Structures are given as structure tokens and as C-alpha cells.
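J.: Next input, structure requested:
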Amino acid sequence: MKKVFLIAVGLVAACNSSQKTISTKENIVTVQQADPVTYAATITEDELKEHLYTYASDEFEGRETGKPGQKKAIAYLKKHYETLGIPAAQTNGDYFQKVPLEIGKVPTGSIKINGNIYELGEDLLTFTSAQGNPQEIDYVGYGVEEENYSDYKNLDVTGKILLIKSGEPMNDDGTYVLSGSDEKSVWSNMSEAMGKKSALAFSKGAIGALYYDGQNFSRFKRYFDYMKTNDAGRMGLAAETSENFIVLLNEKAASALKDDINSDNKPAKLPVDLQLEVQSANDKIDSENVAAIIKGSEKPNEYLIISSHLDHIGVTADGQINNGADDDGSGSVALLEIAEAFKKAATEGNGPKRSVVFLHVTGEEKGLLGSKYYTDYNPIFPLEQTVANLNIDMIGRIDPKREGNRNYVYLIGSDKLSTELHELSEEINAKYTNIELDYTFNDENDPNRFYYRSDHYNFAKNNIPIIFYFNGTHADYHKPGDTPDKINYDLLENRTRLVFHTAWEIANRDKKPEVDKASK
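T.: You can find the predicted model right below:
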């Protein structure tokens, strides 16, 4: 977006070649800011293709977090930034932000309830050790707490093991207590509720959570069985390793603790002879985010972060390589090209007013781990000075379920926190790239929950406005068929230019996007 500046000068000796003097009147010079189209033009199909045929090649072995292929990927990214002369984001000059990870190996053992043995992998599931022999546990019903409702009222659960069940409280008329309507809350979401409820329990001093979800136990069990067969466990941040444990129970095990658990929601103390004998040993994993920066010329302490995830899912058990050309090779190489465009502008004296951070995160496929480490544990730059996050995850293909114009992109989250960011995004697209912006997956009721499934979410939950750029899934999603030859490079070019133009506007406008909505 072009802006006009009034600069009081006595004499103009020279102007940068990318700027034009429009008028001179009474020692006032009106100067037009550099046209970003000049720099967007450096983002080309050919360069994107060249990058991607290397980055998503067999040599990189699917870039699985902590594996040799991921090390090749980060070396490639680092070399590109060094070649461009874009410095590392960290003050120590290291492009690599270490992200300490652990794999919770599939544990062994069992649990005894009143003398009866319940086997791990059959009646209960966990990826952590669980030890102890309490004679009483606290049942806290749904384990929910909001402003208008709490299952913890008048309860002290410090040092206790809790029994919690899935779901949320309902009124006699079938509506939900929290919403007062037929609408469920996040406390009922399978993907998020167990973590949210256990985190609440631990924040109140509980040492363990026995979690009953009869409806979804079989789904969790399939994942457990897969991990057991592959001699692997769930990867997580080492910073989150603690003595606290979560054990998922089926109906048989839960009923042994409380026989009317399906019908009784009232918190209570439960006498029980509980013997927890589950052992586990975690493996350390070495992994890294890659971060580079172009410092702002006027507002260097305000940061726009453009992100993509550098990892993919690696090699299958039978040796097939999941190259991840679209997921998220497309986002990774787009970010490299955007960085090159900003660098060219900076070299010509037209660098961004705000600092622009190019952040390639690790462990997205393992649970958004690299971005979570950045936002929740070790942000390189203060979150309160981070004005927005533009996240690119899969922008090189076409969703086969979608009908209409092939020149589209799904936009997710642009209006969740900032009306201004959403409007800016729309205006920039109309002015420069004319892509059909499809908000199908931005719907609050989208069953795919894509808003919560890529790295932007870790910024959004910290009240930082975001835009997630996404082409949708396809038949090769998380399969060996996701290869560079199937990328639509003309679409990748145009989508990448859209992100660049949006970033340019955010980085150069007078005010940062206003947050006028509450985070969810």
C-alpha cells in the first residue's frame, strides 16, 4: 500500500532509485514509498521450484523431527539466509533455536483397583509413568471451571489423584450449562478437553488425573497400539515433563472406581485401594527452530513473524519417503522467497519499518511443538511486542473437494482477533494478487478444527493476531505421493506474493493491527 510522507528539507541531494519525487513546494518534498510490486516480482515459480525440488527431495528423508533429514533441512535454510545476508534472529548469532524434546516411550505395567488388575493397552492408556498407592481419590465430575460454574468449588485437591470424566455439565432441558444453549464448548472437544482439564487439575495442585472418555477410548487406543507396534511414544517438550500423570480409562476401569460414573456428576471423595505400577523412560530428542530477522528501520522493537514448519513425517516402516512437498515444503520455500524480497528492499534502502522475523518451526507434525516452545517457553522476541503472525502451511496444491476458481487460498483466523487485520488482508489481495479468498474452514463449527491444527494457534492463544494460509488437504496428504512434481507452481507463486504483500503492509503501516476481539 502506498503512503505519502511530508519531509521538510532545505535541499534534496538525491533520491533512492525506487522512490520518486512527486512535488516540491516551499521546501516541502512529497515522496512516494517504494512500490512493493518491484520486490514481489522476485518471488518466481522457477525459484520456488528450484528450492522445493531440493527441500522435498529423497535426500532430506521426509524431514522427520530429530532425524538426519531434519538436520539437512535446517542446514539448507541456514545457508540460504547466510547467502542472502539476513542475520540470525538470536543475539548470539545462531540461526538455530534449540527446542528440547522427549519421546515418552510406551510404558509397561498395570493398575490394580481393589485387588483387580487392569492392563495397560487394554483397559487403560498412558505415555507417562504412574506410581503410587493411594487409599482415596477425588472425583471431580467433568473437571470443568468457568466463571459461572466450577466442579472444584470448596475442594482442595493438592497432592491428590483425581478421577475426571469427559463432557461438560448440562441442564435438565438438554442445553449446556456453560453456553446456556445447544452449543458445546471446548470442554467437550475430544482433541482439547483432556489436556485442558488435566492442566486445570494440575494447576490446582493435583498430582495425577484418571480420565474417563468411554466414547473416544477406542480412538486413543488405536494410536497407542500404533505407537506400541512401532516401538515409539508421543513426542513432547522436555519443559513439560513433570511428575504429574494422565491415565485414560475405559468404562470397565472407570466403573471399578465409581460404578455410577456415567450418571453421577457430583464431586465426591472415593475410598479405593489403588496401586499404580506403570513404568516409563523417555528418550531425549535434539531439534531446532530456524529464525532470521530483518530489523525495522523505524520500529525495530515491534515484530511481525512469518512462519512455516520445516518438518514432515519422515519414512514409513517399509522404507517409503514422505517428501512433504506441499506439507510444508511449500510454506518453507515460500518463506525463503519472501525473505529474499524483503532483503532486496532493505538493500535498496526500503527496508520495513517494523522488524520482520522469518521463523521455521520444528515438530509441527508432533503437536505444534516448535511454535509452542517459542511462544510458551522461550520467545526470541517479546510476545507483547509481536504485532502479528502470518503462518504458511500447505499452499502448493488444489483441494479436490473444492469447486470453482483454481486461483484460491483458504484463509483461516484473519478475523478471530482483529477486524483490522482481516480488512487489511482483503484490501491487499484485491489490490495486488486477486486470489479468491475462501473462508470455508474459518467457520467456528468447522469439524476439521484447522484453526487449532497449525503453528499460528500458539500465537493466537497469546492474543497475537494471525492469518493462516492453506490450500486444504488432498489424496497425498501425509503420504509418499506428496512430491514436488505435483505442486502447482503458478499458484504457489501467487499465494506467496499475497503473503509478502500482506506482510509488507503490516510491517510498514503507521499502526499495528488492533486487537478488538477476545482470544478463544
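
J.: who's residue 245 bridged to?
T.: Here residue 245 sits in beta bridges with residue 208, going by DSSP bridges.

J.: List the contacts of it.
T.: Residues touching residue 245, when contacts are defined by Cβ atoms under 8 Å, 6 or more residues apart in numbering, comprise 126, 128, 129, 130, 207, 208, 209, 278. The C-beta positions use only the backbone N, C-alpha and C, and glycine is treated the same way.

J.: if you set the cut-off to 10 Å instead, what comes out?
T.: For residue 245, the contacting residues are 107, 126-132, 161, 198, 202, 207-210, 276, 278, 280, taking Cβ atoms under 10 Å, 6 or more residues apart in numbering as the criterion.

J.: Mind checking which of those residues land in strands?
T.: Of the contacts of residue 245, the ones assigned to strands by DSSP state E are 130, 131, 132, 161, 208, 209, 210, 276, 278.

J.: before we move on, the earlier item: could I have the ChimeraX command that selects the buried members from the contacts of residue 245?
T.: Those of those that meet the burial criterion (16 or more other Cβ atoms under 10 Å) are gathered into one ChimeraX selection, given here:
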select :107,126,127,128,129,130,161,198,202,207,208,209,210,276,278,280
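
J.: Would you confirm that residue 500 contacts residue 336?
T.: No. Using Cβ atoms under 10 Å, residue 500 and residue 336 do not qualify as a contacting pair, with a distance of 11.6 Å.

J.: Quick check: which ranges of the stretch 1-150 of the chain have low pLDDT?
T.: 1-32 (pLDDT under 70).

J.: can you pull out the helices in it?
T.: Along the stretch 1-150 of the chain, counting by DSSP state H, counting those that start in this stretch, helices occupy 37-40, 45-55, 68-84.

J.: follow-up on the earlier one: between residue 500 and residue 336, which contacts overlap?
T.: Common contacts of residue 500 and residue 336 (Cβ under 10 Å, 6+ apart): residue 43.

J.: which residues of the stretch 151-300 of the chain fall in strands?
T.: According to DSSP state E, counting those that start in this stretch, the stretch 151-300 of the chain carries its strands in the segments 161-165, 208-212, 234-237, 245-249, 268-271, 274-279, 282-285, 288-294, 299-309.

J.: Need the ones you listed in TSV (columns: mean pLDDT).
T.: Supplementary listing: those in TSV, determined by pLDDT from 0 to 100:
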stretch	mean pLDDT
strand 161-165	98
strand 208-212	97
strand 234-237	87
strand 245-249	95
strand 268-271	96
strand 274-279	93
strand 282-285	87
strand 288-294	98
strand 299-309	98
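
J.: Quick one: these as TSV, columns for distance to residue 367 too.
T.: Shown next, in TSV, are those (distance: least, Cβ to Cβ, whole Å):
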stretch	distance to residue 367
strand 161-165	21
strand 208-212	18
strand 234-237	7
strand 245-249	14
strand 268-271	32
strand 274-279	22
strand 282-285	13
strand 288-294	15
strand 299-309	11
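
J.: Pull out the buried positions in the biggest helix by length in the chain.
T.: In the chain, assigned by DSSP state H, the helix with the most residues is helix 489-508. Along helix 489-508, the positions that meet the burial threshold by neighbour count (16+ other Cβ under 10 Å) are 489, 491-508.

J.: With stretch 223-236 instead?
T.: Buried residues in stretch 223-236 (16+ other Cβ under 10 Å): 224, 227, 233, 234, 235, 236.

J.: ok, those residues vs residue 449, which is closest?
T.: residue 234 (19.1 Å; Cβ to Cβ).

J.: Could you chop the protein up by domain?
T.: Here the domain assignment for the chain is 37-99+287-508, 103-284, based on automatic domain parsing.

J.: any idea which of the ones you listed is most buried?
T.: domain 37-99+287-508 (a mean of 21; mean count of other Cβ atoms under 10 Å).
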